Each structure stands twice: as C-alpha cells, then as structure tokens.
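Student: Sequence isn't available, so here's the structure alone:
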C-alpha cells in the first residue's frame, strides 16, 4: 500500500493561505480515499477533508467548508489541501491517511503520514 508524506505546513497569519501536499509512494487504487485529519494540542483527532482517488468526489468537515479545498494530481500521486482564510483555531498537526472507504474516523485508515504542523497567529 502507498506510503504517504506530507509537506507544506508552516506559520501563517489569520486570513492568509497555505497549501499542504500529501504524496504517495505508490499509486492508490481508484477506490481508495485520501483523507486529511488534524490534531490540536490537547484535543482529539478531527476529520478535515477527503477525496476519492478515482472519482475525485470530495468530503469536508463543516468547519472548513468554503475555506478548504481538497484536490489531487494523478501524475504527481499527490493530494493537496488548499487552506484559505486561515483562523487561529486551524492550528494543528495535519496528516493525511489512506482509507478503503469514506469515514470520518481516524481509526479507519490503512496507514498515515507523519504530519505537518500548521500554526496560525491572529
């Protein structure tokens, strides 16, 4: 199964944008889903967004709808998370994960990356 590596995190001001990348070492199956999760200090892991590799159907958490966009590049075997209008509450460790079916549970994953830190200041 594909191994995943995230990049693109960093520090940002509130209202600005960042784009995260999740690159797979192998090609995911068309039925696979690449999901983004995040975990803030002292909080539970939270579903952010996901995309089905084959159909590119997307799913979003309510708190990021309209601000975050998930997309993919088959040629680059990469899933992107474009984050606009960032807020301090978006500060978290973001990681991508491979799933066989759509689920908002961080336990329903085949594997995951190490994560990339996003810090948003007001």
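Tutor: In hand now; what should we look at? No experiment lies behind these values; they were computed from the predicted model shown.

Student: where do the strands sit along this protein?
Tutor: For the chain, the strands defined by DSSP state E occupy 4-7, 10-13, 18-24, 33-39, 45-52, 58-60, 68-73, 78-83, 92-99, 111-112, 116-121.

Student: These: which one's closest to residue 105?
Tutor: Residue 105 sits nearest to strand 45-52 of all those, at 7.6 Å, using CB to CB. To be clear about C-beta, it is placed using only N, CA and C from the backbone, and glycine gets the same treatment.

Student: Paired strands for that closest one, with orientation please.
Tutor: strand 33-39 (antiparallel), strand 58-60 (antiparallel) (DSSP bridges).

Student: would you list these in a markdown table and tack on distance to residue 104 and mean neighbour count?
Tutor: Formatted as a markdown table, those follow (distance: least, CB to CB, whole Å; neighbours: other CB atoms under 10 Å):
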| stretch | distance to residue 104 | mean neighbour count |
| --- | --- | --- |
| strand 33-39 | 8 | 24 |
| strand 58-60 | 8 | 16 |
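
Student: Mean pLDDT and distance to residue 105 added to these, as TSV?
Tutor: Listed next are those as TSV, based on pLDDT from 0 to 100; distance: least, CB to CB, whole Å:
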stretch	mean pLDDT	distance to residue 105
strand 33-39	98	9
strand 58-60	98	13
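
Student: any chance of those strands in CSV, plus distance to residue 85?
Tutor: Compiled in CSV, these are given as follows (distance: least, CB to CB, whole Å):
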stretch, distance to residue 85
strand 33-39, 16
strand 58-60, 14
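
Student: Alright, I will stop here.
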